[in-house]
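Participant: sharing a sequence plus its predicted fold:
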Amino acid sequence: MRLDRKALVGHLNSPDEKAVLTKVLDSVETVLKNHSPQLTHFYDPYHTGLILSMLERIHGLDFATQGGYEMAERTRTAIFPDYLAGTDIDYEITLLAVEGNFKMVQVNHRDFLGSLLGLGIRREMVGDLIVTPKGCQVMVAKEIVSYLRTNLTKVHKVGVEVREINAGELVLPELKVKEIKTTVASLRLDAVAAAGFGTSRSRIAREIQAERLNINWHTCSNVAAPIQEGDMLSMRGRGRVEISEIKGNTKSGRIGIVLKRYL
């Protein structure tokens, strides 16, 4: 099967987005030729949405995502023939604990990420980082584990030890959730997203038309796209909004909804 790369990525204006999807298409061609699963690097929800939207348009493929834990922001996408079971895929994600004596030094996510990238590690090889009292826990691609264990020795001038951990040792981040009970004129994307992200319909419409807002991690440029209970809206830099409940029409003819905004 010959891929029409121009049709699949030619509509994108961003060189960064084109580069990501072109790299994924290389993996797609390997899957179609060798019938063996391939993995992408770690990407944020926006880029993952672009990847999934493209993969849906290619016949004979299936795909799934994993980031090391259920609510992971950054995930790897497994691409495989549609006759294979996705449950058997090894995402080659290793969980590491980076620990040291940080009692006298305040460090944050940026400090740990900076130390990783300072070793020449590319951002797409690293998933989520969870800051803990002892240091941080980080999801990484399996192939860089040995390098990190040997070379990551300091974070913010504090000596650290890097060790592998299992999923049961993860200290999951506490999600900050704001519940929003409101009404909307319709279950169009622009109406619901404006209510969830706390902005006007005209402003959110511009974001949607620029493909900056995702529905269930898929890009969407249609302001009138229908929204259903259980859908997840995400926007770069603005977090996520889950449509928790659709309650039905009010006396005034509007539709009552309950949203959960993850900050």
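Facilitator: Looks like it arrived, so ask away.
Participant: out of the helices and strands in this structure, which is least certain?
Facilitator: Counting by mean pLDDT, DSSP states H and E, the chain has its least confident helix or strand at strand 218-219, which shows a mean of 80.
Participant: show me what secondary structure element comes after that one.
Facilitator: For strand 218-219, the following helix or strand on the C-terminal side (DSSP states H and E) is strand 232-235.
Participant: need the contact list for Ala205.
Facilitator: Residues near Ala205 by CB atoms under 8 Å, 6 or more residues apart in numbering: 190, 223. Quick note: C-beta positions are derived from backbone N, CA and C, even for glycine.
Participant: before we move on, what about Tyr262?
Facilitator: 175-177, 239-242.
Participant: buried ones among those?
Facilitator: 239-242 (16 or more other CB atoms under 10 Å).
Participant: got the phi and psi for Arg238?
Facilitator: phi -120, psi 0 (degrees, to the nearest 10).
Participant: mind checking how far the nearest residue to it once chain neighbours are set aside is from Gln209?
Facilitator: Of all residues not flanking Arg238 in the chain, Phe197 sits nearest, at 5.5 Å (CB to CB, 6 or more residues apart in numbering). For Phe197, the distance to Gln209 (CB to CB, to the nearest Å) stands at 15 Å.
Participant: more neighbours, these two?
Facilitator: More crowded of Phe197 and Gln209, by other CB atoms under 10 Å: Phe197, with 20 against 14.
Participant: contact partners for that one?
Facilitator: 204, 233, 235, 238, 241, 261 are the contacts of Phe197 under CB under 8 Å, 6+ apart.
Participant: what's the most distant pair in the residues you listed?
Facilitator: Ile204 and Arg261 (13.7 Å; CB to CB).
Participant: these two: which has the busier surroundings?
Facilitator: When Ile204 and Arg261 are compared on other CB under 10 Å, the one with more neighbours turns out to be Ile204, at 26 against 20.
Participant: pretty sure Ile204 is touching Val192, no?
Facilitator: No. Between Ile204 and Val192 there is no contact under CB atoms under 8 Å: 9.3 Å.
Participant: and the least confident helix or strand of the chain, how far out from the chain's middle?
Facilitator: Computed by CA atoms, centre = their mean, to the nearest Å, the chain-centroid distance of strand 218-219 equals 11 Å.
Participant: for stretch 175-192, same thing?
Facilitator: Mean-position distance between stretch 175-192 and its chain equals 21 Å (CA atoms, centre = their mean).
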